[in-house]
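Asks: Model the structure of this input:
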Amino acid sequence: MTMAVEAPLRDLIVKLEVVDDTAASALRVVDHFDRLIAERAPVAAMVRAVAVLADCPAGLHDAGRGISPRYDPTGNALPEVQGGSWARVAVPGRPGSWVWLERTGEAGPLDALILERSAKAIQAVTGAPVDRSADAAVRIACDPDAPESDRCDAVKRLGLTGPVTVVIASPQPPPPYSTRVGRHAVTLVAGTAVPPSGLRAGTAIAQEPAHLPDALERARLALRLTDRVDGPGPSLVAYDDLGALAVLADRTTPQEAAGIADVRRLDQTLSTHPWVIDTLQAVLDHASMRQAATCLHLHHSTLQERLVGLATQLGYAVTKPGGRQRATVAVAFWRIAHSDELAADGG
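Replies: Modelled structure (predicted):
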């Protein structure tokens, strides 16, 4: 809106306040976003305006840049979140991107208008050109909340057909189809190829490109159960190889896993015995104590001494059938409990 019509519009708002406050409020919304466009305000200001005008938290999912800034009604930044069932409107010309309102209860009378005007304002200040880069296409293709038409277009741009392997890894594998999705480095590999060694990675296969969002989530679950690259356990874990362990990773949050008594004992023991997880993993993964000791670069008698001490601290002996089963589950839950730390480190 040009400066020439701003004054008449504000005069109209003043007049409407007397007879129709809702209509006046609607015109204020229109005027506010028009002024932000005229000032070429940054996108962050647009999203803050949404939260302030609607008086509830609001956010923008920018698929091209892989970010989701959120703000509270006072304009303060909030932590990014993934997904959600909030009311939202797509940003025109920006595939896979939208503005949302985190309204609890019934929608406000101006919610639809605020979302519509903000989406058009964001388009206006960011320009019509769409990010056609491969990393933006990867993010959109793997985004379960993106419209199906946008995901299909992204898959076509990547030239992917048939099975695709999703790899969530640390460090990030090389291009061409690598980017960050949320907190993770994600790579799409055509076919069912095995990732190269030297990576800490979870993998899952999408039999069709349309299933990439589900495969991405399965790869995230597999990553939760990986060991470090130089650890005694597997640093490459395929979702299809997890079996029942996939249920543990899927149905238990890191916070819930951290609260399990056996996991708390492992964390307590780690403070004085930093080798406890490696030792248990090696014993669980090898058929004999000598093989486990070799893996840990220990003499087998030293390993035996470690296990005797651990039996007292953990409350069970890993060398006994019941203890071995308990340790297997405890280590798996321990990895789930600490999986957020892995994501923070770039995995």
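Asks: For stretch 249-268, measure first residue to last.
Replies: Using C-alpha to C-alpha, to the nearest Å, one end of stretch 249-268 lies 22 Å from the other.
Asks: meant to ask about stretch 226-238
Replies: First-to-last residue span, stretch 226-238, C-alpha to C-alpha: 10 Å.
Asks: Work out the gap between that stretch and the centre of the chain.
Replies: 21 Å (C-alpha atoms, centre = their mean, to the nearest Å).
Asks: So which residues make contact with that stretch?
Replies: Stretch 226-238 is contacted by residues 194-195, 197-204, 222-223, 225, 278, 281-282, 285, 295-296, 335, 342 when judged by C-beta atoms under 8 Å, 6 or more residues apart in numbering. Heads up, the C-betas are built off the backbone N, CA and C, glycines and all.
Asks: gap between Ala154 and Ala51?
Replies: Taking C-beta to C-beta, to the nearest Å as the measure, Ala154 falls 29 Å from Ala51.
Asks: just Arg103 next, same as before
Replies: 11 Å.
Asks: In terms of neighbours, single out the busier of these two.
Replies: A count of neighbours by other C-beta atoms under 10 Å puts Ala51 above the other of Arg103 and Ala51, at 24 against 16.
Asks: Which secondary structure element is home to the more buried one?
Replies: If you go by DSSP states H and E, Ala51 is part of helix 43-54.
Asks: Low-confidence stretches in the stretch 101-250 of the chain?
Replies: Where the stretch 101-250 of the chain drops to pLDDT under 70, the residues are 127-132, 170-176.
Asks: ok, 50 please
Replies: 129 (pLDDT under 50).
Asks: which residues in it form helices?
Replies: Remark: helices assigned in the stretch 101-250 of the chain by DSSP state H, counting those that start in this stretch are 111-126, 134-141, 148-158, 212-224, 245-251.
Asks: For Arg65, which of the ones you listed is the nearest?
Replies: helix 134-141 (7.8 Å; C-beta to C-beta).
Asks: Show me how far that closest one is from its chain's centre.
Replies: On C-alpha atoms, centre = their mean, the centre of helix 134-141 falls 14 Å from the chain's centre.
Asks: Can you check what angle separates it from helix 212-224?
Replies: 100 degrees (axes from the mean of the first three to the mean of the last three C-alpha atoms, to 10 degrees).
Asks: What would helix 134-141 look like as PDB? C-alpha coordinates only.
Replies: The C-alpha trace of helix 134-141 is given here as PDB (Å, rounded to 0.1, in the frame of the first residue of the first chain):
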ATOM      1  CA  ALA A 134      19.400 -29.700  -4.100                       C
ATOM      2  CA  ASP A 135      19.600 -29.300  -0.300                       C
ATOM      3  CA  ALA A 136      16.300 -27.400  -0.300                       C
ATOM      4  CA  ALA A 137      14.800 -30.200  -2.400                       C
ATOM      5  CA  VAL A 138      16.000 -32.800   0.100                       C
ATOM      6  CA  ARG A 139      14.400 -31.000   3.000                       C
ATOM      7  CA  ILE A 140      11.100 -30.600   1.200                       C
ATOM      8  CA  ALA A 141      11.100 -34.300  -0.100                       C
END
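Asks: Contacts for it next, please.
Replies: Taking C-beta under 8 Å, 6+ apart as the rule, helix 134-141 contacts 63-66, 95-96, 146, 150-151, 153-155, 157-158, 160, 175-181, 186, 188, 209, 212.
Asks: List buried residues within these.
Replies: Neighbour counting by 16 or more other C-beta atoms under 10 Å classes 63-64, 66, 95-96, 146, 150-151, 153-155, 157-158, 160, 177-181, 186, 188, 209, 212 among those as buried.
Asks: Thanks a lot, see you next time.
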